[in-house]
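Colleague: here is my input; please provide its structure:
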Amino acid sequence: MQDLKTPPSNVEAERAVLGSIMLDSTGRSGDRVLDICLTSGVSPDAFYDPRNRTIYAAMLALNRASKPLDSITLLESLRADGKLDAIGGSAYLQSLYDQTPTTAHAEYYIELMRSKHLRRMMIERATRVVEQCYDEGEYPDPNAVLGEAEKAFLEIGIRGEGTVPWASAVEESFRRIDRMFESNGSTFEGLSTGLTHLDEKLQGLKPAEMIVIAARPSVGKTSLAMNIAESCALGLDMNNVPVKTDGGKRHPVMIFSLEMPIEALTKRMIAGRAHVNMWRLNRNLCPKSEKMMMSSNLFQAVGELKGAPIFVDDTAGLDIMDLRARARRAKKQHGIELVVIDYLQLCTCREAARQASRQIEVSMISQQIKAMAKELKIPVIVLSQLSRANEQRGDKFERPKLSDLRDSGAIEQDADVVFLLRRPSRTPSDPDSGDETLAIIDVAKNRNGETGEVKVNFFREFTRFGDREIPRNEDSNFQTSEPAPEEGELLTDPLS
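Modeller: Numbering: from 1, shown residues only. Next up, the predicted model:
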């Protein structure tokens, strides 16, 4: 049994990896072994023996400088840095070369070394957590310690590779551009929103993007976010037609519903998908024939939604670090491709709690959400409230602006895309106020594309959005027959 006081290591495997790199560099295959190390994320810290750590760091330096890597150049590099004696002189380098007869098993040695490094990282993080548990003065909140522990361990499994080779990045971007030529405009980079004209403007919800949907209360931002989530999860657009850009593929979605419990969320999604007016149904205002039609639609909607890869966390007042940790876990367990957060101002941030400034807290929350999108390499939709500024600045149309984002200007700065949602029917002075179904999604910011307004339909009785030019009954398997309730007649669950 291994001594529990000695960190896990395999110095022989480390020596074999270094010897393979030196041996490989003098052969026809060039730097194959070093390339495997780089693509596997092997850093100098992966070597337990300080001598091996120093030698590998020198190898990386030569590689970055595009200098030849062999026993002579390595020897000179270590001597120039004054580290040759620390590693045991030229005799140690020669022993690495002599003791490695072939590079055939290099990948096995690398994996063996990385497994030992993984164990050392887990021990180091576990030790830190134990120390924090004992130190109640510095860490009075055990939930904060738990959140940090979960974050630390989950980060081990999804460690990034650091610097990406520029040539590889250029080649990957070219491949994506080339696919656009082949598709003749029938595809785009990112997930579909389910709304045709919005997709045309955005070219999809792209990986690592933070997308903000902002509106005043009861305008429909939660409905829009849930409609997009449903479309991604089912691979169907808002007209119940398979998304053409990826062949109707289903994409797992994680929803953090900080405002609405999961029961209300699922009820709204079922009713919207089935085109059922819950307000009329709850008040027994539907004739028997209509109830039969509703029942058929509901059974179909339930059957489709039950199989959708949607995961919901309705914990109230969730700390942003806890939210990030749960998103990481969902990414590892379920392969989620989209995160929805409803809504930003209901998140908390323990790190900023002592600052006693809501603006600083919201700024840190926004930064963490953007960092999460980059870390998980998926789009993150986050809802945000707007201030009353659009109602107070004298604009008779009350059009919102980016500066109206509530509590912090950091949201505008961190976001890649910002939707400002409004419904002209709520503003009597607007020339389109007579159109009850009109909703306008103003793409006020789009870091990687064009901006401008997109007009869509919003059916308030179903809390459902749709393309503007397509009637609600066309291309749909669901039947509808009732008009929207009059102004003032609210749905069972209020819009957000």
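
Colleague: okay, domains of the protein per the record?
Modeller: What automatic domain parsing lists as the domains of the chain is 11-129, 191-467.

Colleague: of the ones you listed, flag the one that's most buried.
Modeller: domain 191-467 (a mean of 19; mean count of other Cβ atoms under 10 Å). Placement of C-beta: from N, CA and C, glycine included.

Colleague: what ranges do the strands span in this structure?
Modeller: For the chain, the strands defined by DSSP state E cover 210-215, 253-257, 310-313, 338-342, 380-385, 417-422, 438-446, 452-459, 464-467.

Colleague: with mean pLDDT added, can I get these in JSON lines?
Modeller: Formatted as JSON lines, the strands of the chain follow (pLDDT from 0 to 100):
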{"stretch": "strand 210-215", "mean pLDDT": "90"}
{"stretch": "strand 253-257", "mean pLDDT": "92"}
{"stretch": "strand 310-313", "mean pLDDT": "90"}
{"stretch": "strand 338-342", "mean pLDDT": "92"}
{"stretch": "strand 380-385", "mean pLDDT": "91"}
{"stretch": "strand 417-422", "mean pLDDT": "90"}
{"stretch": "strand 438-446", "mean pLDDT": "90"}
{"stretch": "strand 452-459", "mean pLDDT": "89"}
{"stretch": "strand 464-467", "mean pLDDT": "88"}
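
Colleague: turn the ones you listed into CSV, including distance to Met226.
Modeller: Putting these into CSV (distance: least, Cβ to Cβ, whole Å) gives the following:
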stretch, distance to Met226
strand 210-215, 11
strand 253-257, 8
strand 310-313, 10
strand 338-342, 8
strand 380-385, 10
strand 417-422, 13
strand 438-446, 14
strand 452-459, 13
strand 464-467, 9
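
Colleague: excluding sequence neighbours, find me the nearest residue to Asp442.
Modeller: Leu420 (4.2 Å; Cβ to Cβ, 6 or more residues apart in numbering).

Colleague: what's near enough to touch the one you found?
Modeller: 214-215, 386, 399-402, 404, 441-442, 444 (Cβ atoms under 8 Å, 6 or more residues apart in numbering).

Colleague: which one of those sits closest to Pro431?
Modeller: Comparing the contacts of Leu420 against Pro431 with Cβ to Cβ places Arg399 closest, at 12.2 Å.

Colleague: distance of that closest one relative to Gln94?
Modeller: Per Cβ to Cβ, to the nearest Å, Arg399 is found 75 Å from Gln94.

Colleague: ok so, going back, nearest to Ala144, of the domains of the chain?
Modeller: The closest of those to Ala144 is domain 191-467. By Cβ to Cβ, the value is 5.3 Å.

Colleague: now the terminal residues of that closest one, how far apart.
Modeller: Using Cα to Cα, to the nearest Å, the span of domain 191-467 from its first residue to its last is 17 Å.

Colleague: what does stretch 411-423 give?
Modeller: End-to-end distance for stretch 411-423: 22 Å, by Cα to Cα.

Colleague: name whatever forms a beta bridge with the residue nearest to Asp442.
Modeller: Ala214, Asp442 (DSSP bridges).

Colleague: rewinding a little: do you know which of the domains of the chain lies nearest Ala149?
Modeller: Closest to Ala149 of the domains of the chain is domain 11-129 (Cβ to Cβ; 4.4 Å).

Colleague: report the mean per-residue pLDDT for that closest one.
Modeller: Domain 11-129 shows a mean pLDDT of 84.

Colleague: what separation do you get for the most far-flung residue of the chain relative to its centre and Ala58?
Modeller: Centroid-distance maximum for the chain: Ala91 at 49.9 Å, with Cα atoms, centre = their mean. As for Ala91, its distance to Ala58 is 16 Å (criterion: Cβ to Cβ).

Colleague: and if you look at Ser66?
Modeller: 15 Å.

Colleague: likewise for Asp135?
Modeller: Taken as Cβ to Cβ, the span from Asp135 to Ala58 is 39 Å.

Colleague: does Pro44 really touch Ala57, like I thought?
Modeller: Yes - in terms of Cβ atoms under 8 Å, Pro44 counts as a neighbour of Ala57; the distance is 4.4 Å.

Colleague: and Gly274, what's its pLDDT?
Modeller: Rather than Gly, residue 274 is Ala. Looking at Ala274, its pLDDT stands at 78.

Colleague: so it makes contact with Gly303?
Modeller: No - counting by Cβ under 8 Å, Ala274 sits too far from Gly303 to count as a contact (10.5 Å).

Colleague: any chance of a markdown table for the domains of the chain, columns distance to Pro142?
Modeller: Shown next, in a markdown table, are the domains of the chain (distance: least, Cβ to Cβ, whole Å):
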| stretch | distance to Pro142 |
| --- | --- |
| domain 11-129 | 11 |
| domain 191-467 | 12 |
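
Colleague: which ones are touching Tyr139?
Modeller: Contacts of Tyr139 (Cβ under 8 Å, 6+ apart): 132-133, 145.

Colleague: swap the cut-off to 10 Å and go again
Modeller: 129, 131-133, 145, 148 (Cβ atoms under 10 Å, 6 or more residues apart in numbering).

Colleague: cool, Lys221 as well?
Modeller: Residues in contact with Lys221 (Cβ under 10 Å, 6+ apart) are 212-215, 342-343, 381, 383-386, 419-421, 495-496.
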